[in-house]
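1. Could you work out the structure for the sequence below:
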Amino acid sequence: MSAETRRVLVTGSAGFIGYHLCKELIGAGFEVVGFDAMTDYYDVNLKRRRHQILLQNPAFRATEARLEDVDALGEAFADARPDIVVHLAAQAGVRYSIENPRSYVETNILGTFNLLECAKEATLEHLLMASTSSVYGANPDMPFVEGHPTDAPLTLYAATKKSNENMAHAYAHLWDLPVTMFRFFTVYGPYGRPDLALFRFAKAALEGRPIDVYNHGKMTRDFTYISDLVKAVRLLIDAAPQPVEERKATIEADTLSAVGPHRVVNIGNGQQTQLMDFITELERSLGMEIEKNFMDMQMGDVPGTWANSDLLENLTGYRPNTPISEGIDRFVEWYLDYYNINRDC
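-> Take a look at the predicted model:
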């Protein structure tokens, strides 16, 4: 590695988003250090396969440990000597937070606190942290703009992510730590999480089982393709919030804090897609009709999401744009190949 190569520490590097982000960063010439707990929330083999692919590149190395392990996290920071940190590791899943809330407090609150403590001691160009569109709760005012109220979360998952935003703001103010929180919207694509809708739908359909369609299909989502998301994060790395005393030009629709280098940015495709239209695209891609089990709304779920991504474009010149037809085709191609499924059978 050259002396000019920037180092990025990515937590959650074996996760769906983490894996794709590490690939994006390696391709952009960064040296990447991963950190992942390999928890069994879903198939650990899928996580290990992601890391195996990344480890084929000498620009990537990784540590397996939990964010809650203060010593291991401190050692990872000391070993990586990062210029940039992207914090993706979290206990994910809106619905699982109702079943196992303690894991969200331990990982998302305590683990993120540990990371912020390490980050304040490091000399970082930029700390980027994953938040979620879930912080908007049941806000009916769409598309969601970063300045909308986010003080009424509907699940503990959303509450922990909003807490992360608040904690990061405090550290940005107290320690002049440049922080960007990015709120992402319904991410999908190859190597996705098995608990996410597209993965569950495809698996059930190919096994000849019906899919569960909540709220009787009367839902909308801003589906964001994974490569669009990680490209946006890559570009945001170079858009670190400036300290208060160094600010000059202003950016339209900016969320920059008045008391510290902290901002919040939506990353979404900027389109509302009806859930039934999403399912229809999957049926087209699979070449089959899928039996549907229509059900009531799940506890903690919301009827719709929709991102305003103007700030992202103003900061980076980029706006996600992959159509769902293309994104679903790429997912299906990966799924059939990964699980060795012959669609003609």
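
2. Show me what counts as buried in the least confident helix or strand in the chain by mean pLDDT.
-> Lowest on mean pLDDT, DSSP states H and E among the helices and strands of the chain sits helix 96-99, with a mean of 83. Under the neighbour-count criterion of 16 or more other CB atoms under 10 Å, helix 96-99 has 96, 97 buried. For the C-beta atoms, the positions are set from N, CA and C on the backbone; glycine is no exception.

3. can you check stretch 229-247 too?
-> 229, 230, 231, 232, 233, 234, 236, 237, 239, 240, 241.

4. need the contact list for the second one.
-> Which is residue 230. 17, 20, 21, 23, 24 (CB atoms under 8 Å, 6 or more residues apart in numbering).

5. what's the answer for the first one, then?
-> Remark: with contacts taken as CB under 8 Å, 6+ apart, residue 229 is in contact with 17, 20, 184, 187, 267, 320.

6. Among the residues you listed, name the ones in strands.
-> Using DSSP state E, the members of the contacts of residue 229 that fall in strands are 184, 187, 267.

7. Where do the helices of this structure begin and end?
-> Counting by DSSP state H, one finds helices in the chain at the ranges 16-27, 44-55, 70-80, 96-99, 101-104, 112-121, 156-175, 197-206, 226-237, 275-286, 310-316, 324-338.

8. right, so of the ones you listed, which gets closest to residue 300?
-> Comparing the helices of the chain against residue 300 with CB to CB, the closest turns out to be helix 96-99 (5.9 Å).

9. Can you give me the neighbour number for residue 223?
-> 28 (other CB atoms under 10 Å).

10. about what we covered before: out of the buried residues of stretch 229-247, the closest to residue 272 would be?
-> residue 229 (17.5 Å).

11. Tell me how far the closest one lies from residue 188.
-> 10 Å (CB to CB, to the nearest Å).

12. next one: residue 258
-> 36 Å.

13. Pick out whichever of these two has more residues nearby.
-> Neighbours per residue, other CB under 10 Å: of residue 258 and residue 188, the larger number sits with residue 188, 24 against 8.

14. nearest residue to residue 177 other than its sequence neighbours?
-> residue 171 (5.0 Å; CB to CB, 6 or more residues apart in numbering).

15. Show the model's pLDDT score for that neighbour.
-> As predicted, residue 171 sits at a pLDDT of 98.

16. repeat for residue 131
-> Looking at residue 131, the pLDDT reads 98.

17. That one pairs with what?
-> residue 183 (DSSP bridges).

18. count of residues packed around it?
-> 24.

19. So it sits against residue 265, correct?
-> No. Using CB atoms under 8 Å as the test, residue 131 is too far from residue 265 to be in contact (9.3 Å).

20. between those two, what contacts are shared?
-> 181, 182, 183.

21. Turn those residues into a markdown table, including distance to residue 11, pLDDT and neighbour count.
-> Output for the shared contacts of residue 131 and residue 265, formatted as a markdown table (distance: CB to CB, whole Å; pLDDT from 0 to 100; neighbours: other CB atoms under 10 Å):
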| residue | distance to residue 11 | pLDDT | neighbour count |
| --- | --- | --- | --- |
| 181 | 14 | 98 | 26 |
| 182 | 14 | 98 | 21 |
| 183 | 17 | 98 | 22 |
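
22. now the residues you listed in CSV, with distance to residue 143?
-> Shown next, in CSV, are the shared contacts of residue 131 and residue 265 (distance: CB to CB, whole Å):
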residue, distance to residue 143
181, 18
182, 16
183, 12
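
23. nearest to residue 78, of those residues?
-> Distances from residue 78 to those, taken by CB to CB, are shortest for residue 181, at 25.3 Å.

24. Just list the residues touching the closest one, thanks.
-> For residue 181, the contacting residues are 128, 129, 130, 131, 164, 165, 168, 262, 263, 264, 265, by CB under 8 Å, 6+ apart.

25. can you rerun that using 7 Å?
-> By CB atoms under 7 Å, 6 or more residues apart in numbering, the contact list for residue 181 reads 129, 131, 165, 168, 264.

26. related to what we said a few turns ago, go through the helices of the chain and name the closest to residue 251.
-> helix 310-316 (5.2 Å).

27. any low-confidence regions in the chain?
-> By pLDDT under 70, the low-scoring segments of the chain are 1-4, 344-345.

28. Convert stretch 136-151 to PDB, retaining C-alpha atoms only.
-> Below are the C-alpha coordinates for stretch 136-151, written out as PDB (Å, rounded to 0.1, in the frame of the first residue of the first chain):
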ATOM      1  CA  TYR A 136     -39.500   8.600  10.600                       C
ATOM      2  CA  GLY A 137     -42.000   6.300  12.200                       C
ATOM      3  CA  ALA A 138     -45.500   6.600  10.800                       C
ATOM      4  CA  ASN A 139     -44.900  10.100   9.500                       C
ATOM      5  CA  PRO A 140     -47.600  10.700   6.800                       C
ATOM      6  CA  ASP A 141     -45.700  13.600   5.200                       C
ATOM      7  CA  MET A 142     -43.800  12.100   2.300                       C
ATOM      8  CA  PRO A 143     -41.300  12.100   0.800                       C
ATOM      9  CA  PHE A 144     -39.400  12.000   4.000                       C
ATOM     10  CA  VAL A 145     -37.000  15.000   4.400                       C
ATOM     11  CA  GLU A 146     -34.100  14.900   6.900                       C
ATOM     12  CA  GLY A 147     -35.700  17.800   8.900                       C
ATOM     13  CA  HIS A 148     -39.000  16.000   9.500                       C
ATOM     14  CA  PRO A 149     -39.700  15.100  13.100                       C
ATOM     15  CA  THR A 150     -38.200  11.800  14.200                       C
ATOM     16  CA  ASP A 151     -39.200  11.800  17.900                       C
END
